[in-house]
Structure formats: structure tokens, C-alpha cells
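Trainee: starting from these lines, generate the structure:
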Amino acid sequence: MKKYTILVCLFLASFLFHQTANAQFGNMLKKAKQKVTKKIEEKASSSIEKSTTSSDTNSTSNTNEYSDEEFKKELAKKYPNDKEKQDFYFKKYKEYQQKQVAEKEALLAKENSKGTVVSEIPSPIESSENDKFKDNQIYVLNRTKFKKMPAYDGGFSDKMELSGYYHLSQYFVRNPSSHFDSNPGDIYEGFSIEYDPTSYQLNAYFSPNQKRYGVVPEKYRKSADKGNIQFQFGMGGGPEWTNANVLLLEPGVLLIGAEVYHKNDNVGHKWMNNAQPKQFVIAAKNPEKIKKYYKNPELTSQTTFAKFDNLRKDWLGAKLNSVTMPAKGSFDKNSAIKNAAVSGLNKYYGKMSMKNIYQYMTSDKWSTVKHKVTGVPLYQWAVGAVVQKNSDGQCMLQQFIVRKDYIGGGKYGSPFFNGINRGSIRAPYGGYVKCDAKPKN
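Mentor: Numbering: from 1, shown residues only. Model (predicted):
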């Protein structure tokens with residue numbers, strides 16, 4: 001009887017430990033689950049004597065419970081103008097509550113068992129039903145205990161259709177916090193995404209109180225609005241996916257661990273370190289869609305690179321639109337200076353595979369360079385901007401120099417083109433711009 005009392009207390013301590021994580025209805029589910037736990041404890045305690053400690057614990061639990069009416073009121077506060085959503089989440093809450101009662105009762109009987117020893121983690125896609133991991137069962141891999149967590153479908157949705165429940169191509173584990181941790185690690189078979197298209201943020205729920213934060217990088221948000229979504233996981237619960245990149249391969253299908261880089265404009269994107277994976281971690285709303293990608297390097301690579309090429313294209317387009325062109329200077333109206341610049345630029349680019357698309361002077365006056373010792377003038381210089389079209393069709397903004405040499409007697413010679421300034425330049429010079437970019441004045 002003492003062993004049974006200890007078992008209940010251990011389970012209660014473990015349960016209360018897991019309540020520290022947040023969820024969509026963090027506080028509400030915390031109180032609701034305490035109510036579920038209380039029912040189980042009362043059932044277990046019917047055959048044993050109630051100690052003072054358990055009595056105090058139950059008393060504390062009573063003060064934190066939600067009744068159904070209280071839960072409904074909380075939903076009304078969260079969704080004041082959406083009765084349909086209130087009813088939907090209350091139904092989900094009740095379903096989960098009932099499921100928890102059955103699962104926790106089963107877990108009480110199994111928690112103290114040694115667990116099933118396995119030599120490897122099976123694939124939920126390729127394994128038979130008998131070989132798949134069962135909910136709330138304890139499995140021992142390399143002398144470490146893991147518990148198979150029940151799948152959690154939060155019923156989330158959004159206009160971009162990223163939200164929803166995703167099955168995984170393989171079970172994922174979260175190790176115990178330390179080698180000496182008495183609590184088993186977790187095994188997950190899927191997760192629910194709740195995505196907010198307005199903030200570009202999401203939460204991936206592995207259970208109501210285990211979630212991992214994610215966000216669409218700012219440079220890819222224009223693409224996300226069009227349905228080409230790439231996001232990055234941050235901190236949180238569930239599998240240890242911090243900083244993992246995730247790419248939407250097609251509606252309802254995600255590639256987890258989309259680690260690529262842009263090699264060059266001719267080649268495009270490649271796998272990091274040029275190491276092409278033979279198998280991929282795929283998550284999909286429809287399990288059958290997983291088979292299409294997770295062992296198909298050619299299709300998965302082709303789809304991934306095309307998606308990232310488009311992401312980069314949108315990002316560069318947005319970046320180009322944000323470039324502020326330098327203003328025209330008064331020298332742009334000086335025909336002698338302007339003609340020298342145009343003639344020199346055309347001759348310069350005529351020797352290369354690039355073109356002079358558009359040019360103008362940005363200086364308002366000459367800058368004089370004198371001899372460091374004698375102080376005698378050497379030459380004067382001014383600058384301008386040129387839109388240069390490269391052989392790949394992209395355009396860049398460069399700064400050019402126009403110069404006139406000192407010829408004595410306080411006079412200078414005719415202005416001439418003196419090359420592209422590759423030294424002391426600042427943005428936007430040296431960067432990409434739209435080929436039809438023009439100054440505002």
C-alpha cells in the first residue's frame with residue numbers, strides 16, 4: 001500500500017513539473033488538467049489511506065481548478081466576437097480532457113515498469129502497426145527511458161493554410177535533462193502548427209503544454225505572403241530543433257532542416273557543404289505525401305533549390321526597391337563634365353562584358369588635391385553615379401571619378417574620365433540596384 005501511495009505522489013510531482021510550460025490556453029489547460037489528475041488520484045486513493053500531505057495537495061488543486069463554465073468564460077474573453085471558435089475550442093478541450101483521464105490511468109499502471117527495450121527507433125511511415133510506438137508506453141534505448149507522447153491536434157487554421165496537424169517521417173526524441181534524470185525522455189510522432197500570417201510568427205505544439213516558437217525571417221516575408229514560406233524554429237519544448245530551418249515544399253508538406261546556401265547566380269542553391277542528404281525529415285498533413293519526398297533526393301533537392309531561388313529573388317527585389325539613389329549634383333548640368341563622363345564610361349565598359357545603362361554627376365564642386373610638401377595644386381576631381389549592367393543581367397551602382405589636371409598659372413586642363421572608384425565608397429555604391437533606378441531629383 002505504501003508503494004502505491006508513493007506511485008501516486010511521484011506521478012503527481014511529475015505532472016506538476018510539466019505544468020511549467022506555456023500553451024495556447026496555458027493557464028486554462030493547467031487548471032483543467034489538474035482537475036483531470038484529481039479524478040485519477042481520487043480513484044487511486046479509494047483503496048488506500050489519505051495522508052495529510054495528499055490532503056494538502058488536493059486542497060491546493062481545488063483552488064486552481066476550472067469548472068466548465070469558468071473555462072467557457074475564459075474562451076469568451078479570448079475570442080469575444082467568435083462564438084464558433086469558442087465552441088470549437090471547448091469541444092477540443094473536453095475531448096482532450098476525456099482522453100487524458102484514460103491515458104493517465106493507463107500511465108499510472110505503466111510508469112513504474114522497466115519499459116520495452118528497443119535497439120532502434122522505428123519509422124512511423126514504413127513500420128507495421130505492431131512495430132510502431134504506442135502512446136504512453138515506456139521504451140528503453142541505450143539504457144535510457146523514453147515515453148511515447150500522444151499526438152496533439154490543436155485544430156488550428158489560418159488563411160495561408162500553414163496551420164494544422166503534421167505527421168513526421170520519423171519519430172523524434174527529446175532526451176532527459178540529464179543522465180541521472182528519473183523522468184523519461186519524450187518521443188513525438190507529430191505536432192500542430194498555429195501560424196499568424198500578420199506577425200509571421202508561429203507555435204508548434206507537441207502537446208498542450210509543450211510548444212516550440214518559430215518565425216519567418218524578415219527578408220522572406222514578402223514570399224510568405226505569396227505562399228512560399230520558410231521559417232526558423234527558436235527555443236521551446238518538443239524535439240531539440242533550435243535554429244532549424246523549415247521550408248514549405250508544397251501546401252501541407254514541410255522539409256525540416258532545410259540547410260542550403262546560394263553558391264552563385266549561375267548554379268543557384270546547393271546543400272550546405274555540398275553534401276546531398278539521402279533521406280530527409282518530412283512533416284506532412286497527409287502521411288502519404290511524406291513518401292513522395294523523404295527518400296527521394298532528386299525531387300526533394302530540385303523542389304528545395306527552386307523554392308530558395310524564388311525566396312532569394314523576392315528578397316533581392318525587395319532589397320532593390322529599398323535602395324535610395326544618390327541625388328544629382330549641379331555638375332550634372334555642366335555639359336563639358338557630363339560629356340567627359342559619358343564618353344569615358346562608354347569606352348570603359350566597351351572593353352568589358354558590362355554596359356553603361358545610366359549615369360549622372362553627383363558633385364556640386366571640385367575637390368582639389370595638393371602636393372603634401374610644396375602645397376602646389378596637382379589636380380581636381382569630382383564624382384558621379386553609374387548604373388552598370390552585368391553579363392548576368394543584374395545591375396549594380398558604381399561611383400566614377402572625373403578629373404582635371406593642374407597646368408600651371410592657376411589653371412586646370414579639360415575634364416576627363418578617371419575610372420571607377422573601388423576604394424572609399426559607401427552604400428549604395430557597390431551594391432545591386434534596379435536596372436531602371438533613377439535619382440528622385
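Trainee: what about Met282, distance to Ala340?
Mentor: No, residue 282 isn't Met; it's Ile. Ile282 is 61 Å from Ala340, where distance means CB to CB, to the nearest Å. (C-beta placed from N, C-alpha, C; glycine too.)
Trainee: those two: which has the busier surroundings?
Mentor: More neighbours surround Ile282 than the other of Ile282 and Ala340, with 27 against 19 (other CB atoms under 10 Å).
Trainee: what's near enough to touch that one?
Mentor: The contact partners of Ile282, taken as CB atoms under 8 Å, 6 or more residues apart in numbering, are Leu168, Ser169, Leu249, Val253, Leu254, Leu255, Ile256, Lys289, Ile290, Tyr293, Tyr294.
Trainee: and it, that's in a helix?
Mentor: No: the assignment for Ile282 (DSSP: H, G, I helix; E, B strand; the rest coil) gives strand, which keeps it out of a helix.
Trainee: is it in a bridge, and if so with what?
Mentor: Leu255 (DSSP bridges).
Trainee: mind pulling the model confidence for it?
Mentor: Note on Ile282: pLDDT of 97.
Trainee: what does Val101 give?
Mentor: Note for Val101: predicted pLDDT of 76.
Trainee: beta partners for Thr368?
Mentor: Bridge pairing for Thr368 (DSSP bridges) gives the partners Gln380.
Trainee: pop out the phi and psi values for Asp392.
Mentor: phi -90, psi 0 (degrees, to the nearest 10).
Trainee: could you report the neighbour count for it?
Mentor: Counted with other CB under 10 Å, Asp392 comes out at 10.
Trainee: likewise the one 5 residues further on?
Mentor: When neighbours are counted by other CB under 10 Å, Leu397 registers 22.
Trainee: same question for the one 4 residues further on.
Mentor: One way to gauge burial is a neighbour count; for Ile401, by other CB under 10 Å, it gives 17.
Trainee: swap in Arg312?
Mentor: 17.
Trainee: my guess is it contacts Asn264. True?
Mentor: No: judged on CB atoms under 8 Å, Arg312 makes no contact with Asn264 at a distance of 11.6 Å.
Trainee: among the contacts of Ile282, which are located in strands?
Mentor: Leu168, Ser169, Leu249, Val253, Leu254, Leu255, Ile256 (DSSP state E).
Trainee: I'd like the residues you listed as JSON lines, with neighbour count appended.
Mentor: Shown next, in JSON lines, are those (neighbours: other CB atoms under 10 Å):
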{"residue": "Leu168", "neighbour count": "24"}
{"residue": "Ser169", "neighbour count": "23"}
{"residue": "Leu249", "neighbour count": "22"}
{"residue": "Val253", "neighbour count": "20"}
{"residue": "Leu254", "neighbour count": "25"}
{"residue": "Leu255", "neighbour count": "25"}
{"residue": "Ile256", "neighbour count": "19"}
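Trainee: so where do the helices sit in the stretch 251-400 of the chain?
Mentor: 287-293, 297-321, 335-350 (DSSP state H, counting those that start in this stretch).
Trainee: how close does Phe305 get to Leu311?
Mentor: Taken as CB to CB, the span from Phe305 to Leu311 is 10 Å.
Trainee: the two: which is more packed in?
Mentor: Leu311 (23 against 17).
Trainee: middle-most residue in this structure, spatially?
Mentor: Gln232 (1.7 Å; CA atoms, centre = their mean).
Trainee: that one: what secondary structure?
Mentor: strand.
Trainee: quick check: bridge partners of it?
Mentor: Under DSSP bridges, the beta-bridge partners of Gln232 are Val215, Asn245.
Trainee: again with Trp271
Mentor: Val260.
Trainee: which stretches of the stretch 101-250 of the chain aren't confidently modelled?
Mentor: 104-113, 178-182 (pLDDT under 70).
Trainee: mind listing the helices for it?
Mentor: 221-225.
Trainee: so who does the closest residue in space to Val433 that isn't next to it in sequence touch?
Mentor: Of all residues not flanking Val433 in the chain, Leu397 sits nearest, at 4.6 Å (CB to CB, 6 or more residues apart in numbering). Contact analysis of Leu397 by CB under 8 Å, 6+ apart lists 323, 325, 385-388, 428-433, 437.
Trainee: and the helix or strand containing Lys85, what does it pack against?
Mentor: Lys85 belongs to helix 83-110 when elements are defined using DSSP states H and E. Secondary-structure packing of helix 83-110 (3 or more CB pairs under 8 Å, 6 or more residues apart in numbering; DSSP states H and E): helix 2-17, helix 26-45, helix 68-78.
Trainee: and it with helix 68-78, angle?
Mentor: If you take axes from the mean of the first three to the mean of the last three CA atoms, to 10 degrees, helix 83-110 sits at 130 degrees to helix 68-78.
Trainee: pretty sure Leu141 is touching Thr116, no?
Mentor: No: using CB under 8 Å as the test, Leu141 is too far from Thr116 to be in contact (9.8 Å).
Trainee: more neighbours: the two, which one.
Mentor: Leu141 (17 against 13).
Trainee: if I look at the more buried one, how far off is Asn203?
Mentor: Taken as CB to CB, the span from Leu141 to Asn203 is 28 Å.
Trainee: just Tyr432 next, same as before
Mentor: 36 Å.
Trainee: OK, contacts around Pro197?
Mentor: Pro197 touches Asp158, Lys159, Met160, Leu162, Ala224, Asp225, counting by CB under 8 Å, 6+ apart.
Trainee: perfect, that will be all.
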